[in-house]
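Q: pasting the sequence and the predicted model now:
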Amino acid sequence: MTEKRTVAATGNVVVAEAFRQCAPDVVAAYPITPQTTIVEEFAKFVAQGRVHTEYVTVESEHSAMSACVGASAAGARVMTATASQGLALMWEELHIASGMRLPIVMANANRALSAPINIHCDHGDAMGARDAGWVMLFAESAQEAYDNTIISLKVAEDPQVLLPVLTCLDGFITTHSIERVDLLDDETVESFVGEYEPQNALLDLDNPVTHGAFAGLGGPFFEFKRAQRDAMDRSKAVIERESAAFSKITERPFGLIETFMMDDADVAIVIIGSASGNARHVARELRSEGVKAGVVKVRCFRPFPGAEIVSALRGVKAVAVLDRAESFGAQGGPLFLETRSAMYDAAERVPLVSYIYGLGGSDVRLELVREVYTDLSDIVAGGSVPDSLVYLGSR
Amino acid sequence: MSNWDISKIDSWKSAQFPLGAVIPAGGNSDDYVTGGWRSERPERSIEKCTDCLICWIFCPDTAIRVADEKLADDWVDLDHCKGCGVCANECPVEAITMVPEGCEIREAK
Amino acid sequence: MQLTEIRWHARAGQGAVTAAKLVAETALEQNRYMQAMPEYGPERMGAPIKAFTRISAEPIDIHCNIENPDIVIVLDESLLDVVDVIEGIVEGGTVIINSCEPPEMMRKVLGMVGGNVACVDASGIALDTIKRDIPNTPMIGALAKVTGVVDLEAVKGLLVKTFGKKFGQDIIDANLTSVIRSFEEVNVA
């Protein structure tokens, strides 16, 4: 029988709790706002003997991910956490971890990248890593941050996947807000994530292997990258399977995307992260005013659930894609680019507008969300579609 | 030869390569013939050589062969000697000289 | 119960975040949904800060600052000179101030027409009971009395549970007394 505990806790505290329950062999991490309390809490668990993890303190995030790569290649279950500049400093090791097919789970407390310096939430850090070969999940709430962390480990270590997973939660908004969270007991998490059976472990002395060999010109580098792409593609079914299994235990839904009032929606917002609830709240208000508004929340960004989004947006007359990240010089934010690309396959041509919002923690006020729906309703009523992206609420 | 057969590697499909580009067996550097990189080969004067084995210690490619605590009759593993000349340079009695390579080099794999 | 939004005004170091958290935890004890979040920035002891608490019988969807609070709690009356504490407050909203002044006077200072203004000498009560000027816990007693958004018994229960892990009985008792006294001594106008 699964015993559930309901607590009032921050996103970071419950992510640390999930880490402890997943019992990693190695955590190598460097503290950075707003991730700090994850590793602080976890270090406390190690000090208290509540988890038997080799906790490696390092001098930088570059070293943190290097140590994680080494430990994972050695055959350890490895987890870590970072944010913003820290994730940026890991840039080269991110690609090494995925290329070596190491199932490292890393929590990322989404925070803006400098300059100017800013410690608050946006998705610029995580989106900068979107082509690094990591599976990427995004949480809306502390509850989802907890759930995603546990599911991430199971997905990463699946023999069909063996890819690292970045599990993102919004800096301060989710990391530092206290919310109501249901936690599972240790035994349930332990039996869900199971025992990790590493492949090609360096510390398996009976079966010596070489990691990090050369695959140069004329060699199979190209084929290795294709194998990575295939694994990422396979991960979609694994995420669906494992999240369904997890949902069965928790009775909480998990979808690659989660739709709200989309069945008959005329206008819809596609969005990621903590502001999704703001969109739902406004959509609910608009429904009572007779506007058929809906929301598509994207919980899994890599692999990108393009077909699911196309299906959710069927019949919608105008779509706004809200990005909490820039892709300077591109035709829209990262989520917009993916969504519009997916929508090329849709049966009908639907106007899509790219909105950039909430950079550097800029507050996502409900009237801003309402403004987006108003713009969409204008388009549906025959108004023109903006020919460039919109900076929502910017002066 | 290690137990990892790569003789047909050129026809492998993407999914046939080992996970994460690992080399899934040990000791297979022996299979990689580097002797073809050599333009000079070491030759030893039996008269001068004292079997001190300093060449064996210094050889960066472990290409010096030893038998019964002396240099072996076929003392250079020509499949792996790259002709760097470290042995000739380090020999305390100048028993080793580097001579231009002839035509009997094995093809590099 | 509908969504209740509380905004806390304090100076960094006065325990507003802890208080916002305590109220959220009390709401959880009463099996409700809640959020408590500080308005984060660099640490600057003494600087005016805000914190927020949301309480609802239903799961809370929204993640944004509270701009139209139902309740405003001011932990330091000197803030009234530097911060517009009633900015955006809903019609009929409640302001609770840590002050020895009568609430009628504070109502004039704030220029508030409707709603409720309440004053409690939370610092005085804290000095009497906890022996330190930490007005956050007493303010929760006043909040319970004036708004009923949290229940006094639930607050007391939570204090025993939370402080019981770390502190001795004398400290628990002092905190309990501070809450009960401010519950009894708060004046509303």
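A: Sure thing, it's come through. Residues are numbered from 1 along each chain as shown, chains lettered A, B, ... in the order given.
Q: name the nearest residue to the residue in chain C positioned nearest to chain A, sequence neighbours excluded.
A: Per C-beta to the nearest C-beta, the residue of chain C with the smallest distance to chain A is residue C:61, at 3.4 Å. From N, CA and C alone the C-beta is placed, and that goes for glycine too. Excluding its sequence neighbours, the residue lying closest to residue C:61 (C-beta to C-beta, 6 or more residues apart in numbering or on different chains) is residue A:277, at 3.4 Å.
Q: wait, isn't that neighbour in contact with residue C:58?
A: No - counting by C-beta atoms under 8 Å, residue A:277 sits too far from residue C:58 to count as a contact (11.9 Å).
Q: which of these two has more neighbours?
A: A count of neighbours by other C-beta atoms under 10 Å in any protein chain shown puts residue A:277 above the other of residue A:277 and residue C:58, at 22 against 10.
Q: from the chain's centre, how far out does the host helix or strand of the more buried one sit?
A: Assignment of secondary structure by DSSP states H and E places residue A:277 within helix A:276-288. Per C-alpha atoms, centre = their mean, to the nearest Å, the displacement of helix A:276-288 from the mean C-alpha position of its chain is 23 Å.
Q: and after it, which helix or strand comes next?
A: Next element after helix A:276-288 (DSSP H and E): strand A:293-298.
Q: on the pLDDT front, check the residue nearest to residue C:61 for me.
A: At residue A:277, the pLDDT value in this model is 98.
Q: got a list of what it touches?
A: Applying C-beta atoms under 8 Å, 6 or more residues apart in numbering or on different chains to residue A:277 gives the contacts A:140-141, C:60-63.
Q: can you tell me how far it is from residue A:258?
A: 11 Å (C-beta to C-beta, to the nearest Å).
Q: over to residue A:76?
A: Residue A:76 is 33 Å from residue A:258, by C-beta to C-beta.
Q: tell me which of those two has more neighbours.
A: residue A:76 (23 against 18).
Q: doesn't that one fall inside a strand?
A: No - according to DSSP: H, G, I helix; E, B strand; the rest coil, residue A:76 belongs to no strand; its state is coil.
Q: grab the nearest non-local neighbour of it.
A: With C-beta to C-beta, 6+ apart, the residue lying closest to residue A:76 is residue A:25, at 3.7 Å.
Q: what's around the one you found, how many residues?
A: 17.
Q: check residue A:158 too.
A: 19.
Q: same deal with residue C:8?
A: 30.
Q: part of a strand, is it?
A: Yes - per three-state DSSP, residue C:8 lies within a strand segment.
Q: contacting residues for it?
A: Neighbours of residue C:8 in contact, by C-beta under 8 Å, 6+ apart: C:16, C:19-20, C:50-53, C:72-73, C:75.
Q: and the gap between the closest residue to chain C within the stretch 251-395 of chain A and residue A:260?
A: Nearest residue of the stretch 251-395 of chain A to chain C, counting by C-beta to the nearest C-beta: residue A:277, 3.4 Å away. Applying C-beta to C-beta, the value for residue A:277 to residue A:260 is 9 Å.
Q: residue A:213 and residue A:323: what is the separation?
A: 39 Å.
Q: more crowded one of these two?
A: Neighbour count, other C-beta under 10 Å: between residue A:213 and residue A:323, residue A:323 has more, with 29 against 12.
Q: so what pLDDT did the more buried one get?
A: pLDDT, read off for residue A:323, is 98.
Q: let me know whether it touches residue A:336 as I believe.
A: Yes - at 5.7 Å, residue A:323 and residue A:336 qualify as touching, with contact defined as C-beta under 8 Å.
Q: hey, what's in contact with both of these two?
A: By C-beta under 8 Å, 6+ apart, residue A:323 and residue A:336 have these common neighbours: residue A:354.
Q: tell me where the stretch 1-150 of chain A has strands.
A: With DSSP state E, counting those that start in this stretch, the ranges of strands along the stretch 1-150 of chain A come out as A:4-10, A:26-29, A:54-57, A:78-82, A:105-110, A:135-138.
Q: least reliable of those by average pLDDT, please.
A: Across the strands of the stretch 1-150 of chain A, strand A:4-10 gives the lowest mean pLDDT, at a mean of 93.
Q: just give me the longest helix of chain C.
A: Looking across chain C with DSSP state H, the single longest helix is helix C:169-185.
Q: now that helix: average pLDDT?
A: 95.
Q: same question, stretch B:53-72
A: Computed over stretch B:53-72, the average pLDDT equals 96.
Q: list the buried residues of it.
A: For stretch B:53-72, the neighbour count (16 or more other C-beta atoms under 10 Å in any protein chain shown) marks B:54-56, B:59, B:61, B:63-64, B:71 as buried.
Q: all strands for chain B, in order.
A: Secondary structure of chain B (DSSP state E): strands at B:40-44, B:64-67, B:70-76, B:96-100.
Q: turn the ones you listed into TSV, columns for distance to chain A.
A: Listed next are the strands of chain B as TSV, based on distance: least, C-beta to the nearest C-beta, whole Å:
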stretch	distance to chain A
strand B:40-44	26
strand B:64-67	23
strand B:70-76	26
strand B:96-100	28
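Q: name the helices or strands packed onto whichever helix or strand residue C:96 is part of?
A: Take DSSP H and E as the rule and residue C:96 turns out to sit in strand C:94-98. Using 3 or more C-beta pairs under 8 Å, 6 or more residues apart in numbering or on different chains; DSSP states H and E, the elements in contact with strand C:94-98 are strand C:71-74, helix C:103-110, strand C:116-120, helix C:136-147.
Q: for residue B:16, which of the ones you listed is the nearest?
A: Residue B:16 lies closest, by C-beta to C-beta, to one member of the helices and strands packed on strand C:94-98: helix C:136-147, at 65.1 Å.
Q: after that closest one comes which helix or strand?
A: That would be, after helix C:136-147 and using DSSP H and E, helix C:152-166.
Q: contacting residues around that next one?
A: Contacts of helix C:152-166 (C-beta under 8 Å, 6+ apart): C:22, C:25-26, C:29-30, C:137, C:140-141, C:144-145, C:171-172, C:175-176, C:179-180, C:183.
Q: so which bits of it are buried?
A: C:152, C:154-156, C:158-159, C:162-163.
Q: kindly export that helix (C-alpha atoms) in CSV.
A: Extracted C-alpha coordinates of helix C:152-166, given in CSV (Å, rounded to 0.1, in the frame of the first residue of the first chain):
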residue,chain,number,x,y,z
LEU,C,152,-6.5,29.9,15.9
GLU,C,153,-6.5,26.3,17.1
ALA,C,154,-4.9,25.2,13.8
VAL,C,155,-2.2,27.9,14.2
LYS,C,156,-1.5,26.7,17.7
GLY,C,157,-1.4,23.1,16.6
LEU,C,158,1.1,23.9,13.9
LEU,C,159,3.3,26.0,16.2
VAL,C,160,3.6,23.0,18.6
LYS,C,161,4.3,20.7,15.7
THR,C,162,6.9,22.9,14.0
PHE,C,163,8.7,24.4,17.0
GLY,C,164,8.4,21.1,18.9
LYS,C,165,11.0,19.6,16.6
LYS,C,166,13.6,22.2,17.3
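Q: could you give the angle of that helix to strand A:4-10?
A: Helix C:152-166 and strand A:4-10 meet at an angle of 90 degrees, taking axes from the mean of the first three to the mean of the last three C-alpha atoms, to 10 degrees as the criterion.
Q: and the angle for helix C:152-166 with helix C:136-147?
A: Using the same axes, to 10 degrees: helix C:152-166 against helix C:136-147 is 170 degrees.
Q: now do the buried residues in the helix or strand residue A:311 falls within.
A: Per DSSP H and E: residue A:311 is located in helix A:306-312. By 16+ other C-beta under 10 Å, the buried positions in helix A:306-312 come out as A:308-310, A:312.
Q: among those, which are within reach of chain C?
A: Counting by C-beta under 8 Å from any C-beta of the partner chain, the subset of the buried residues of helix A:306-312 that neighbours chain C is empty.
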